[in-house]
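**Q** for reference, the sequence and a predicted model appear below.
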Amino acid sequence: MRNISIFLSAWLFLSCVKESKVVYQIQDVNLTQVGADKPNVKNSKAYVSIAYQDIFETTIPTSLLEELSKTYVSFGDVKVVEDLIIRNFLNKPNAKIPTNNEMRADIPEFVNSTFKRFYNRLPNEQETWYFTQMIEKNTSLTPDVIFLALLTSNEYRNF
């Protein structure tokens with residue numbers, strides 16, 4: 001019996017070892033892309049005139065800009081007005097939009113040049129992959145739809 005008591009005492013003593021506490025620390029990582037951090041929102045006139053410049057590759061006539069400015073006053077939702085203005089610009093025959101065949105001939109180049117044109121930066125790898133996959137899988141997707149998506153995005157509305 002005594003041997004059993006000694007054995008149990010030794011076993012309890014050896015099994016009651018204090019565990020060491022391990023602490024893991026997480027380091028902060030800044031995940032921003034150069035050129036994508038644009039904190040200032042363009043005012044309506046700047047947004048329309050820059051979009052006109054990007055679509056037609058020429059400056060907007062002052063008379064047209066003043067006429068379009070009146071639509072903001074007469075309508076409450078600014079984003080709806082801006083979206084309609086951009087759609088109208090893209091439907092004009094003199095808009096500088098690549099053809100569907102030109103876009104599909106070299107999709108990665110189309111994505112790169114479009115990002116450079118509208119965002120003044122190259123797309124990151126994920127953006128290139130996403131747009132390339134989207135264009136390849138959807139044959140009804142045209143360059144003007146891609147232009148509309150990028151021109152009405154939050155990144156384009158900011159500088």
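**A** Perfect, thanks for sending it.
**Q** quick one, helices of this protein?
**A** 2-15, 44-56, 62-74, 78-91, 100-105, 107-119, 125-137, 143-151, 154-157 (DSSP state H).
**Q** residue 26 is nearest to which of the ones you listed?
**A** Each of the helices of the chain has some distance to residue 26 by C-beta to C-beta; the shortest is helix 125-137, at 23.2 Å. Placement of C-beta: from N, CA and C, glycine included.
**Q** could you figure out how far that closest one is turned away from helix 107-119?
**A** Relative orientation of helix 125-137 versus helix 107-119 (axes from the mean of the first three to the mean of the last three C-alpha atoms, to 10 degrees): 120 degrees.
**Q** who does helix 125-137 touch, helix- and strand-wise?
**A** helix 107-119 (3 or more C-beta pairs under 8 Å, 6 or more residues apart in numbering; DSSP states H and E).
**Q** now the helix it packs on against helix 143-151, angle please.
**A** 40 degrees.
**Q** who touches helix 107-119?
**A** 35-36, 54, 98, 102-103, 121-123, 127-128, 131-132, 135-136, 143, 146-147, 150-151, 155-156 (C-beta atoms under 8 Å, 6 or more residues apart in numbering).
**Q** hmm, back to that, possible to save the helices of the chain as TSV with distance to residue 26?
**A** Formatted as TSV, the helices of the chain follow (distance: least, C-beta to C-beta, whole Å):
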stretch	distance to residue 26
helix 2-15	33
helix 44-56	39
helix 62-74	46
helix 78-91	38
helix 100-105	43
helix 107-119	31
helix 125-137	23
helix 143-151	35
helix 154-157	28
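**Q** any chance of those in a markdown table, plus mean neighbour count?
**A** As requested, the helices of the chain are exported to a markdown table (neighbours: other C-beta atoms under 10 Å):
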| stretch | mean neighbour count |
| --- | --- |
| helix 2-15 | 9 |
| helix 44-56 | 18 |
| helix 62-74 | 12 |
| helix 78-91 | 15 |
| helix 100-105 | 14 |
| helix 107-119 | 17 |
| helix 125-137 | 14 |
| helix 143-151 | 18 |
| helix 154-157 | 15 |
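**Q** can you redo those as CSV with mean pLDDT?
**A** Listed next are those as CSV, based on pLDDT from 0 to 100:
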stretch, mean pLDDT
helix 2-15, 62
helix 44-56, 94
helix 62-74, 86
helix 78-91, 91
helix 100-105, 96
helix 107-119, 97
helix 125-137, 96
helix 143-151, 96
helix 154-157, 90
